[in-house]
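In: Pasted the sequence and its predicted model underneath.
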Amino acid sequence: MSFQAYIDNIEAKTGKTPADFKKLAEAKGFLLEGNLNPATKATEITNWLKEDFGLGHGHAMAIYATFKGKTE
């Protein structure tokens with residue numbers, strides 16, 4: 001599955017875009033001024049995405065990758 005397919009599936013399932021997830025992550029302190037908070041571990045973010053949005057591990061990692069700047 002391509003990266004874009006992961007993003008499309010996430011948006012279909014949750015109704016949220018990567019930009020929406022970034023705003024939510026900033027509100028939780030996972031991102032600071034658009035960048036990953038160095039004190040936050042990837043596991044904290046993926047656990048949040050799994051618990052609050054029902055994402056699987058691969059899809060949660062795709063969102064985490066967008067936080068790191070991946071776009072394709």
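Out: Yep, it's here.
In: Tell me where this structure has strands.
Out: Assigned by DSSP state E, the chain shows strands spanning 31-32, 35-36.
In: Out of these, which gets nearest to residue 14?
Out: Closest of these to residue 14 is strand 31-32, at 17.7 Å (criterion: Cβ to Cβ). C-beta coordinates here come from the backbone N, C-alpha and C atoms, glycine included.
In: Pairing partners for that closest one, with directions?
Out: According to DSSP bridges, strand 31-32 has the following sheet partners: strand 35-36 (antiparallel).
In: pLDDT on the strand it pairs with, on average?
Out: For strand 35-36, mean pLDDT is 94.
In: Please identify the most buried of the strands of the chain.
Out: Among the strands of the chain, strand 31-32 has the highest mean neighbour count (mean count of other Cβ atoms under 10 Å), at a mean of 16.
In: Which residues does that strand contact?
Out: Contacting residues not belonging to strand 31-32 are listed as 22, 25, 26, 37, 67 [Cβ atoms under 8 Å, 6 or more residues apart in numbering].
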